[in-house]
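K.L.:
Sequence plus the predicted model coming up.
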Amino acid sequence: MTDLQLKNYEDIKLTLDNFGEDYNYNLIKKAYELCVNAHEGQKRISGEDYYYHPFNVAKIVISLGMDSESIAASLLHDVVEDTDISIEDIKSMFGDEVALLVDGVTKIGRLNFSSKEQQQAESLRKMLIAMGKDIRVIIIKLADRLHNMRTIDAMRPQKQRDVSVETLEVYAPIAHRLGIRGVKEELEDLAIKHLDPVGYNEIEELLKHRKNHRVQILSEIKERIEERLRSEMPNTTLSFQGRVKSIHGIYRKMYAQGKTFDEIYDIYAIRIITDTVADCYNILGLMHDMFRPIPNRFKDYISTPKPNMYQSLHTTVISRAGIPFEIQIRTFEMHHTAEFGIAAHWKYKEGITENDKRMEKRLEWVHELIDTQDASTDASDIIRTIKVDLSEEDVFAVTPKGDVINLPVGATVVDFAFAIHTAVGISMVGAKVDGKIVPLNHEVKTGEVIEILTTNSANKGPSRDWLNIAVTSSAKAKIRSWFKKEKRSENIVTGKSEYEKELRRNNINFTETELNEYTEELAKKYRFTNSEEFYAAIGYGGILLSKILPRIKEDYNKRTADTKPPTPVATVGYKTKSSEGVIVEGIDNCLIKLSKCCNPLPGDEIIGFITRGHGVSIHKRDCNNVPIDISLDDEPDRWINAYWNSNKTETFTSTLKAVAIDRDGILIEVMNALNNMRVAIHSISARQTKDGNCVIIMTISAESVEHLHSIIARVEKVPKVFNVERINQ
Ligand code: MN
């Protein structure tokens, strides 16, 4: 995909002609005209005419080989949201199909990012639902995001980072899951470039620097391979390519997996494309004859395709000069699917027909995710599950019958059992690996022969713990749905008692009528039909109490505040500023400390407590140490109203060093933590240390020392981070 911008219909028509499909030119031209008229006079942040954006979204959609309706819809994708044109207008002008696509894209919302996980979950959920209805909606949405990422430089730095994080967390995984490689890699590279410019440039330099040497060696090897194959297989169509791994791909391996540049075997790969599957295996044999293969690096994605339909043979071999490199072997059709994924479908066939079972099967996971995540509020869970499923590292294990099961790295024997068949998973009582009994949390490794021990007893079934042992979304979904169906009444009882216990533990004391009324209301908010369904969901693990508790507390505080307003006293009637960014009512120039028990952050609802001799300590209003009803406290006079000083804009930059036990994705999680606090990041980078830890250096803006301390405290809460300190003064 080039950056060349389309500026008018002639450009679009030329692109279409070059693509050479049988397009509905009338429809596309009409959409073009409406797009130009509707957006007339509107400008993008960059200052250029707005309609260049839909033109170029359309161009990406064309390059993916999509149909005329998708192209028209991409030209119209911002019209309903940004202009006077309604979806009814679109329907009467372009018909139901285009209107449905435009409506789908509009509903997902544009740049609907938010630092709040709740909202991210919501936009992800919307996308999954849209995907379940018509997958073309998501392809247009991905193209929209790609063009926004290409033109992201015009945005404010904080917004660039917000959009980049969301791109990495939501859009790239979806593009990957749909197998649209080009879009996925470009989204990731653009996001990393804006999140960690230092790390990005470093890899770019490394690539430039090593390129000459390695590329030369590889092109010699490629020539030798070509020569050998052409002589051994003279009547076979063959195509040869050299491939360089994406910057984000290298970044992940270097910073997340702690490999050095030279330890990454697949930075350069040679790709051989041919006609038939039989040819692929013949070529593989010849390659292993020419070069020494590295054990355990051979992967057969032809017999076991990846969940995103990717098919290919991968093997890593060592050249005579001792340089390891990867060889990928596939058919032309597989190659097309590898590049375009789900979008490839429109190239060969016209749209989806109802009986297209293969397509249905490919989208099964979307429905599974919607079914199980519908009621879930936890974005980080959904995203984590998608990430596990999408992990580019796989393991292959075999059943005693010799069936190969392909699972993401980290998958357990529970995942293995459910991958064989739901019935096998449900009746599982244990597992043997290479003949020995293993615990259920045994991590599957490539080459293991795994036998699942099952029982016919009707009393057995999955245990709730399995939800923590399974890592793939498919196994989790199957376990949840078993609990949902088989144990409904039990779920309601356990769910209700867990819920009530949790309320008591948090000093939330409703009367019974209040509780029933409130729970019914809460259930509706989470889209359950009644409180029974809500309890059942808690029972089977579809909804996590720990995730909804903050909301319940907030609601409870609001309710009690309505009826019994807290009565902080000492309201002398004037406000006074303090140096810590907090205003306490009626007290001037006092020492202010943010309490350690609840670490209040700007934006939290807060209250002050006049300590004996240590100034005023500031707590969150819902801190456990603050009485719910102040007037009932022993010394109500010592509680005092406090606010964040929102006018305070002075910031200072500070450099922090965090040490973490190295693990996949740590940098992204640290960036997320900062982002959630709206902390501006000036630079951030991660390095591997010799002892296997990961050191993250970040320069950020803080508003005060207290703010800085709360930033440090928040980063320290990121799992596996064990030390954070300030390294400049
Ligand atoms: Mn747009």
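P.N.:
Happy to help now that I have it. Note that the structure is a prediction, hence the values are computed from the model and not measured.
K.L.:
Look up which helix or strand the residue in the stretch 601-729 of the chain that the ion sits nearest to falls in, please.
P.N.:
The ion sits closest to Asn675 of the stretch 601-729 of the chain, with a gap of 22.4 Å, by CB to the ion. From N, CA and C alone the C-beta is placed, and that goes for glycine too. Under DSSP states H and E, the secondary-structure element containing Asn675 is helix 666-676.
K.L.:
Let's see that helix as CSV, backbone CA atoms only.
P.N.:
Included here for helix 666-676 are C-alpha records, laid out as CSV according to Å, rounded to 0.1, in the frame of the first residue of the first chain:
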residue,chain,number,x,y,z
ILE,A,666,4.9,-5.3,30.2
LEU,A,667,5.7,-2.1,28.3
ILE,A,668,2.2,-1.8,26.9
GLU,A,669,0.8,-2.3,30.4
VAL,A,670,3.0,0.4,31.9
MET,A,671,2.0,2.7,29.1
ASN,A,672,-1.6,1.9,29.7
ALA,A,673,-1.3,2.6,33.4
LEU,A,674,0.3,6.0,32.6
ASN,A,675,-2.3,6.7,30.0
ASN,A,676,-5.2,5.9,32.3
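K.L.:
and that helix, what does it pack onto?
P.N.:
For helix 666-676, the contact count by 3 or more CB pairs under 8 Å, 6 or more residues apart in numbering; DSSP states H and E identifies helix 157-166, strand 652-661, strand 681-688, strand 693-702, helix 705-716 as packing neighbours.
K.L.:
mind listing what the third one pairs with, with the direction of each?
P.N.:
Right, the one you point to is strand 681-688. In its sheet, strand 681-688 lies beside strand 693-702 (antiparallel), with partners assigned from DSSP bridges.
K.L.:
Around the residue of the stretch 601-729 of the chain closest to the ion, count how many other residues there are.
P.N.:
Around Asn675 sit 21 other residues, with neighbours defined as other CB atoms under 10 Å.
K.L.:
One more: Ser86?
P.N.:
So Ser86, with other CB under 10 Å, has 12 neighbours.
K.L.:
give me phi/psi at it?
P.N.:
Dihedral pair for Ser86: phi -100, psi 170, per degrees, to the nearest 10.
K.L.:
My read is that Trp23 contacts Met66, right?
P.N.:
Residue 23: Tyr, not Trp. No. Taking contact to mean CB atoms under 8 Å, the distance of 10.3 Å between Tyr23 and Met66 leaves them out of contact.
K.L.:
The residue of the stretch 601-729 of the chain closest to the ion against Arg161, yeah?
P.N.:
Yes. At 6.3 Å, Asn675 and Arg161 qualify as touching, with contact defined as CB under 8 Å.
K.L.:
Could you look up the SS state of the residue in the stretch 451-600 of the chain positioned nearest to the ion?
P.N.:
Of the stretch 451-600 of the chain, the residue with the smallest distance to the ion, taken as CB to the ion, is Arg527 at 27.6 Å. The three-state label given to Arg527 by DSSP: H, G, I helix; E, B strand; the rest coil is coil.
K.L.:
one step back: what's next to the helix holding Asn675, contact-wise?
P.N.:
Residues from elsewhere that reach helix 666-676, judged by CB atoms under 8 Å, 6 or more residues apart in numbering: 115-117, 161-162, 165, 168-169, 195-196, 255-256, 658, 660, 681, 684, 686, 694, 696, 698, 700, 711, 714-715, 717-721.
K.L.:
same thing with stretch 594-613?
P.N.:
Under the criterion CB under 8 Å, 6+ apart, residues 557, 566, 568, 580-582, 584, 587, 592, 616-626, 630, 638-644, 646, 677, 703, 706-707, 709-710, 713-714 lie in contact with stretch 594-613.
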